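**Student:** Model the structure of this input:
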Amino acid sequence: MTSTAQAPQPGARTAHPDHLGHVIFIAAAAAMGGFLFGYDSSVINGAVEAIRDRYDIGSAALAQVIAIALIGCAIGAATAGRIADRIGRIRCMQISAALFTISAVGSALPFALWDLAFWRIVGGFAIGMASVIGPAYIAEVAPPAYRGRLGSFQQAAIVIGIAVSQLVNWGLLNAAGGDQRGKLMGLEAWQVMLGVMVVPAVLYGMLSFAIPESPRFLISVGKRDRAKEILAEVEGKGVDLNARVNEIELAMKSEHKSSFKDLLGGGFFFKPIVWVGIGLSVFQQFVGINVAFYYSSTLWQSVGVDPTDSFFYSFTTSIINIIGTVIAMIFVDRVGRKPLALIGSVGMVVGLALEAWAFSYHLVDGKLPTTQGWVALIAAHIFVLFFALSWGVVVWVFLGEMFPNKLRAAALGVAAAAQWIANWAITASFPSLADWNLSGTYVIYTVFAALSIPFVMKFVKETKGKALEEMG
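**Tutor:** Modelled structure (predicted):
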């Protein structure tokens, strides 16, 4: 998506909407794609062991079924920008909602393992599209003074989606007598868990009809009057609307739509700023955060926790995730993106290292020793807290802000695709790595968390308070 906004000017940076609540609603509706991602990421947590049992598959095959949705996510993320430039941001959201609805129904009613995998790919494609459209759309409609906080809605929606799915899973599991394959409404409990995803998918589609198109896209297709109306809505009637539209048009005439070729350059294939975006995406995933949401129930059961209790611990982790995200939303525009990332990295190193230590002990009667068990549980919550108050939010904000206008659409697509591929690599490898050495697996995640510190210090530039056209 080509975010060719106005030239930097004090008026744009200090613009305050007449009705901030309306702008918040617009951002929240766009971020519903993040809710779908969070819900889908975590809802499968409740089905992992049931899928293993029903189809009698090993860890490697199970991991592929769980992780295959992320391949669809990568494809959706890589193509979303081009699609959005052709048909608009809102239409992309509606396509995403429709595909996700269909995939939810298909996932709940599979007749074979490959069928389940296919519908997860379809749902993944929808989520990948939404993951790009959401942050970019919010960055395009949000006044600069509020852009960090509104941009963080994407991660807020993700963590709320995770928490809601954990709560729903826990309730359905209890209704099925603690058995993931227990009968509910004529289906096995895990199928109902996946089918419930229809509800947020339909809600996302409905909300997409209630928010305006991006003014930048409207100007690109010649709808200047409608663009003025929306700019007045989101930046306030005190802004000189004719001047704003003229500035956007002037910028668009002097630039071309971003393409993959625009990203090439420098000594290492991509331009340096693109590699920074890819690096942020990869580090966000290589600390192992999604293990906590795809496999937490399985993880706790593997060290002796009762299945129902394991679902409850997964839910408490998701609550901590929400708390951390709220902290980030409060401070992302006050402290800045870069300091939050560094604070989070240090906290994640501590939490992951403690988990690695706890999991290094042998099980006694199928359980971790009491001390190590409590350390593992507390450390897992510490890790999630520090991720949520830092990398969970700031990476999405960075990716929506950091690229120059002429690169933004293509660069955001590549960085988001890299994020999904890294997510897939971690998700697909965890069951086999855990079978090999659970403690060693967490040592690997700890190393990546530690390496993220010098990466941020050396390569990442602060974007707090800057207009989009100052980037690069």
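**Student:** just the strands in the stretch 51-200 of the chain please.
**Tutor:** 183-184, 187-188 (DSSP state E, counting those that start in this stretch).
**Student:** Now do the contacts for Gly278.
**Tutor:** Actually, residue 278 is Ile. It isn't Gly. Phe270, Val414, Ala415, Ala418 (CB atoms under 8 Å, 6 or more residues apart in numbering). To be clear about C-beta, it is placed using only N, CA and C from the backbone, and glycine gets the same treatment.
**Student:** Ramachandran angles for His364?
**Tutor:** Careful, residue 364 is Val; it's not His. Dihedral angles of Val364 (phi, psi; degrees, to the nearest 10) stand at phi -120, psi 120.
**Student:** Relative to its centre, which residue of the chain is most distant?
**Tutor:** Asp365 (38.2 Å; CA atoms, centre = their mean).
**Student:** quick one, phi/psi of that one?
**Tutor:** Backbone torsions for Asp365, taken as degrees, to the nearest 10, come to phi 60, psi 40.
**Student:** what do you get for Thr370?
**Tutor:** Backbone torsions for Thr370, taken as degrees, to the nearest 10, come to phi -50, psi -50.
**Student:** Next: Ser360.
**Tutor:** The phi/psi pair for Ser360 (degrees, to the nearest 10) reads phi -80, psi -10.
**Student:** tell me, how many neighbours does it end up with?
**Tutor:** Neighbourhood size, Ser360 [other CB atoms under 10 Å]: 14.
**Student:** any weak-confidence spans in the stretch 251-400 of the chain?
**Tutor:** For the stretch 251-400 of the chain, the stretches with pLDDT under 70 are 251-252, 254-262, 266-268.
**Student:** rerun that using 80 as the cut-off
**Tutor:** Low-confidence segments of the stretch 251-400 of the chain, defined by pLDDT under 80: 251-268, 293-311, 365-367, 396, 400.
**Student:** and Asn137, how far is that from Ala69?
**Tutor:** Small correction: residue 137 is Tyr, not Asn. 23 Å (CB to CB, to the nearest Å).
**Student:** What count of nearby residues applies to Pro272?
**Tutor:** Pro272 has 12 neighbouring residues, counting by other CB under 10 Å.
**Student:** for the closest residue to the residue farthest from the centre of the chain other than its chain neighbours, phi and psi?
**Tutor:** The shortest distance from Asp365 to any non-neighbouring residue, by CB to CB, 6 or more residues apart in numbering, is to Gly304 (7.6 Å). Backbone dihedrals for Gly304, given as degrees, to the nearest 10, come out at phi 100, psi 10.
**Student:** From what I see, Gly304 and Leu368 are in contact.
**Tutor:** Yes - counting by CB atoms under 8 Å, Gly304 touches Leu368, with 6.4 Å between them.
**Student:** For the closest residue to Tyr295 other than its chain neighbours, list the residues it contacts.
**Tutor:** Take Tyr295 and drop its neighbours on the chain: the residue closest to it by CB to CB, 6+ apart is Phe430, 5.9 Å away. Contacts for Phe430 were tallied using CB under 8 Å, 6+ apart; they are Ala63, Gly288, Val291, Tyr294, Tyr295, Thr441.
**Student:** Now the residue nearest to Leu218 when sequence neighbours are not counted, what are its backbone angles?
**Tutor:** Leaving aside its sequence neighbours, Leu218 sits nearest to Ala227 (CB to CB, 6+ apart; 4.1 Å). Backbone torsions of Ala227, given as degrees, to the nearest 10, read phi -60, psi -40.
**Student:** Run a quick check on Ala227 versus Pro215, I expect a contact.
**Tutor:** Yes - with contact defined as CB under 8 Å, Ala227 and Pro215 form a contacting pair (4.1 Å).
**Student:** which neighbours do these two share?
**Tutor:** The contact lists of Ala227 and Pro215 share Ile248, where a contact means CB under 8 Å, 6+ apart.
**Student:** so where do the helices sit in the stretch 51-200 of the chain?
**Tutor:** For the stretch 51-200 of the chain, applying DSSP state H, counting those that start in this stretch gives helices covering 59-87, 89-108, 113-141, 147-151, 153-175, 189-195, 198-208.
**Student:** For Asp435, pull up the helix or strand it's in.
**Tutor:** Using DSSP states H and E, Asp435 sits in helix 408-459.
**Student:** what's the distance between the nearest residue to Val287 once chain neighbours are set aside and Arg52?
**Tutor:** Once flanking residues are discounted, Val287 sits nearest to Ala449: 4.7 Å by CB to CB, 6+ apart. When distance is defined by CB to CB, Ala449 is 29 Å away from Arg52.
**Student:** Also Val199?
**Tutor:** Taking CB to CB, one finds Val199 at 26 Å from Arg52.
**Student:** More neighbours: which of those two?
**Tutor:** Set Val199 next to Arg52 and count neighbours by other CB under 10 Å: Arg52 wins out with 19 against 14.
**Student:** On the pLDDT front, check that one for me.
**Tutor:** What the model reports as pLDDT for Arg52 is 85.
**Student:** close enough to count as contact, it and Leu62?
**Tutor:** Yes - counting by CB under 8 Å, Leu62 is a contact partner of Arg52 at 5.1 Å.
**Student:** wait, is Phe403 part of a helix?
**Tutor:** No - assigned with DSSP: H, G, I helix; E, B strand; the rest coil, Phe403 falls outside any helix and is coil.
**Student:** And for it, the neighbour number?
**Tutor:** Using other CB under 10 Å, Phe403 has 28 other residues around it.
**Student:** From what I see, it and Gly277 are in contact.
**Tutor:** Yes - judged on CB under 8 Å, Phe403 makes contact with Gly277 at a distance of 6.8 Å.
**Student:** Give me the common contacts of the two.
**Tutor:** Residues touching both Phe403 and Gly277 by CB under 8 Å, 6+ apart: Ala411, Leu412.
**Student:** What about Phe209, how many residues nearby?
**Tutor:** Neighbour count of Phe209, defined by other CB under 10 Å: 11.
**Student:** now the residue nearest to it when sequence neighbours are not counted: how far from Gly134?
**Tutor:** Excluding the flanking residues, the one nearest Phe209 by CB to CB, 6+ apart is Gln94, at 7.6 Å. Separation of Gln94 from Gly134 (CB to CB) stands at 13 Å.
**Student:** Counting neighbours, go ahead and name the busier of those two.
**Tutor:** Shown here are Gln94 and Gly134; by other CB under 10 Å, Gly134 has more neighbours (32 against 16).
**Student:** That's all I had, so thanks and see you.
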